[in-house]
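Student: Sequence and predicted structure below; questions after.
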Amino acid sequence: MGYKAVGKVYLVGAGPGDPGLLTLRGRELLSSAEVVVYDYLSDTSLLEFCDPKAELIDVGKRPDRPVAQSEINEVLISKANQAKNVVRLKGGDPFVFGRGGEEALDLIAAGVEFEIVPGISSAIAVPAYAGVPVTHRGMSTSFTVVTGHRHGKATDQVDWGSLAKLGGTIVVLMGVAHRAEIAEKLIRGGLAPSTPVLAVRWGTRSDQESTRTQLGLLGATTIKSPATLVIGEVAKLNLAWFEKRPLLGKRVVVTRTREQSSQLVNRLRQLGASVLTVPTIEIGPPSDNFAKLESSIRRITEFRWVIFTSTNTVMRFFERIEDLRVLSGLGIAAIGDSTAHEVEKFRIKCDFVPSKFVAEQFVAEFPKGEGDILLPQAENARQVLRQGLAEKGWSVEVVPVYRNLRPALDSSLGQQIATWDAITFTSSSTAENFCAAFGVGQLPAKVISIGPVTTSTLERLGVGGSVTAERHDITGVVNALLKSLS
């Protein structure tokens with residue numbers, strides 16, 4: 001049958017849970033899709049890759065909300081017929097117990113063009129994150145993946161006796177509820193009751209839990225869904241790496257802008273933490289729409305120094321420089337290492353960075369002198385730099401290059417946030433906007449501040465006992481979390 005719909009459906013595998021296991025192709029499609037139809041996802045942060053303008057449709061099946069497969073298929077066809085590009089985001093791989101084949105058949109029948117984007121299956125990824133290879137020389141030269149559950153009943157579609165005789169590793173998905181029956185049938189088929197078994201709950205996520213037992217004890221072992229069962233000699237191996245991460249099981253709220261949060265979020269996830277991104281500020285253009293900045297850049301040769309106070313100031317300044325040679329002979333300063341690294345992306349080395357990354361220390365260490373300094377800042381930023389440098393003899397021209405805006409926040413998030421282990425604030429604005437939206441009472445037990453200025457703001461808002469990072473940058477925030485949550 002020929003395709004007739006103008007839109008297209010992409011059946012995308014989301015992987016087993018860890019957002020880092022989403023394929024590059026999957027992320028590319030999520031960022032450009034007009035509609036995203038998603039299952040129950042083990043990590044909803046995957047939706048952060050979506051275009052903010054995309055229509056998100058939750059079709060995840062839950063005990064209290066069954067969704068017929070036919071309804072899902074109708075949604076896909078309807079949206080494609082509206083000339084929209086649709087991502088059908090499915091946990092794991094679309095074709096490994098994911099009913100992707102059924103969706104593809106209906107799309108063909110409806111004349112809708114589609115593409116399959118494979119995902120990393122939990123059958124392989126989850127054992128790997130638990131330190132167990134599904135094949136290992138001298139132990140197992142094959143592995144079989146089976147489902148232990150089908151439409152609410154113990155499956156009779158698997159010949160467990162033959163599977164026991166086949167040898168190799170057996171990976172059972174969705175088999176927790178019927179584990180006693182599965183174990184009994186495998187033992188009757190010839191597997192020894194002492195055969196090692198590994199059960200991994202929430203595999204690849206921060207709250208991953210591994211339970212080791214034997215086949216004869218599997219039915220009596222406490223195991224909660226969802227869990228992947230690995231049965232065979234390889235299950236006695238323990239090449240642990242993921243569960244050794246220092247922040248495993250810890251839950252941290254990040255309040256930076258969505259554009260700026262990736263560095264902190266990625267580092268926390270690499271340390272094993274679960275991260276909830278709640279951007280309490282947005283970056284907007286200055287009220288004058290860059291008029292003062294552009295005027296200053298036209299007169300750039302009049303200045304002796306330009307001082308960058310944040311990565312935001314760097315990006316917005318260099319966006320308006322047509323030829324970097326106009327900066328020749330101009331002193332470049334940055335208030336901290338992160339800002340200096342942003343400058344270095346333009347192949348420019350900073351001439352001055354203070355030993356501590358706060359405005360007061362910058363003023364204390366910056367030399368006295370005469371001449372003009374260009375100071376790009378946030379609109380309504382503190383005047384510590386301007387006043388301090390003026391006292392040292394400099395003439396400082398302050399130009400606004402961005403505004404901190406307060407985004408609309410879902411107030412219902414407050415109760416969820418309060419139950420998490422820690423929250424990070426990387427500026428006074430993030431702290432002020434959070435407290436305005438949710439209130440001080442919704443803060444988690446641990447509050448981490450990037451520096452003394454932010455800590456002072458928190459104290460003014462009535463937040464006591466916050467931890468101030470010793471180093472006033474993202475590395476310092478991460479180190480403070482490690483100390484506070486260990």
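Tutor: Perfect, thanks for sending it.

Student: Nearest spatial neighbour of residue 302, chain-adjacent residues omitted?
Tutor: For residue 302, ignoring the flanking residues on the chain, the nearest one in space by C-beta to C-beta, 6 or more residues apart in numbering is residue 372 at 5.8 Å. In short, each C-beta sits where N, CA and C put it, glycine included.

Student: Go ahead and confirm the one you found touches residue 301.
Tutor: No: using C-beta atoms under 8 Å, residue 372 and residue 301 do not qualify as a contacting pair, with a distance of 10.3 Å.

Student: Going by neighbour count, which residues of stretch 378-397 are buried?
Tutor: 378, 379, 381, 385, 386, 388, 389, 394, 396, 397 (16 or more other C-beta atoms under 10 Å).

Student: What strand or helix carries the last one?
Tutor: Taking DSSP states H and E as the criterion, the element that holds residue 397 is strand 395-405.

Student: what helices or strands is that strand leaning on?
Tutor: When contacts are defined as 3 or more C-beta pairs under 8 Å, 6 or more residues apart in numbering; DSSP states H and E, strand 395-405 sits against strand 282-284, helix 291-298, helix 311-318, strand 372-378, helix 384-391.

Student: just to revisit the earlier point, now the residue nearest to residue 302: how far from residue 277?
Tutor: 40 Å (C-beta to C-beta, to the nearest Å).

Student: just residue 446 next, same as before
Tutor: Distance check for residue 446 against residue 277: by C-beta to C-beta, it reads 17 Å.

Student: what number of residues lie near residue 71?
Tutor: Taking other C-beta atoms under 10 Å as the criterion, the count of residues near residue 71 is 10.

Student: Disregarding flanking residues, what is the spatial nearest neighbour of it?
Tutor: residue 59 (7.3 Å).

Student: that older thread, residue 372 and residue 301 - which one has more neighbours?
Tutor: Applying other C-beta under 10 Å to residue 372 and residue 301 shows that residue 372 carries more neighbours, namely 15 against 10.

Student: Distance check, that one against residue 329.
Tutor: 13 Å.

Student: got it, and residue 374?
Tutor: According to C-beta to C-beta, residue 374 and residue 329 sit 14 Å apart.

Student: same check, this time on residue 218
Tutor: 74 Å.

Student: So between those two, which is more surrounded?
Tutor: In this comparison of residue 218 against residue 329, neighbours counted by other C-beta under 10 Å, the higher total goes to residue 218 at 25 against 7.

Student: Low-confidence regions, the protein specifically.
Tutor: Low-confidence regions of the chain, defined here as pLDDT under 70, cover residues 1-6, 62-64, 150-156.

Student: quick one, domains of it?
Tutor: As recorded under automatic domain parsing, the domains making up the chain are 8-120, 124-242, 251-281+407-485, 286-405.

Student: Tell me who's in contact with residue 374.
Tutor: 296, 300, 303, 305, 306, 307, 397, 399 (C-beta atoms under 8 Å, 6 or more residues apart in numbering).

Student: tell me which of these is nearest to residue 33?
Tutor: For residue 33, the closest of the contacts of residue 374 turns out to be residue 399, at 38.4 Å, with distances computed as C-beta to C-beta.

Student: and the closest one, how many neighbours does it have?
Tutor: 22.

Student: That one pairs with what?
Tutor: In this structure, residue 399 has the following beta-bridge partners (DSSP bridges): residue 376.

Student: same thing with residue 333?
Tutor: Beta-bridge pairing of residue 333 under DSSP bridges involves residue 307, residue 352.

Student: And for stretch 342-357, what's in contact with it?
Tutor: Where contact means C-beta under 8 Å, 6+ apart, the residues beyond stretch 342-357 that reach it are 308, 311, 314-315, 318, 324, 327, 331-337, 340, 361-362, 364-366, 451, 471-473.

Student: can you give me the end-to-end distance of that stretch?
Tutor: 15 Å (C-alpha to C-alpha, to the nearest Å).

Student: For residue 139, which non-adjacent residue is closest in space?
Tutor: Closest residue to residue 139 apart from its sequence neighbours, by C-beta to C-beta, 6+ apart: residue 233 at 4.4 Å.

Student: Residue 196 is in contact with that neighbour, correct?
Tutor: Yes: between residue 233 and residue 196 there is a contact under C-beta under 8 Å: 6.4 Å.

Student: Neighbour count: those two, which is higher?
Tutor: Using other C-beta under 10 Å, the more surrounded residue of residue 233 and residue 196 is residue 196, with 18 against 15.

Student: who's in contact with the more buried one?
Tutor: When contacts are counted by C-beta under 8 Å, 6+ apart, residue 196 touches 212, 214, 215, 231, 232, 233, 234, 235, 236.

Student: switch to 10 Å and redo it
Tutor: 132, 212-215, 230-237 (C-beta atoms under 10 Å, 6 or more residues apart in numbering).

Student: now, which of those residues lie within strands?
Tutor: The subset of those located in strands under the criterion DSSP state E comprises 212, 213, 214, 230, 231.
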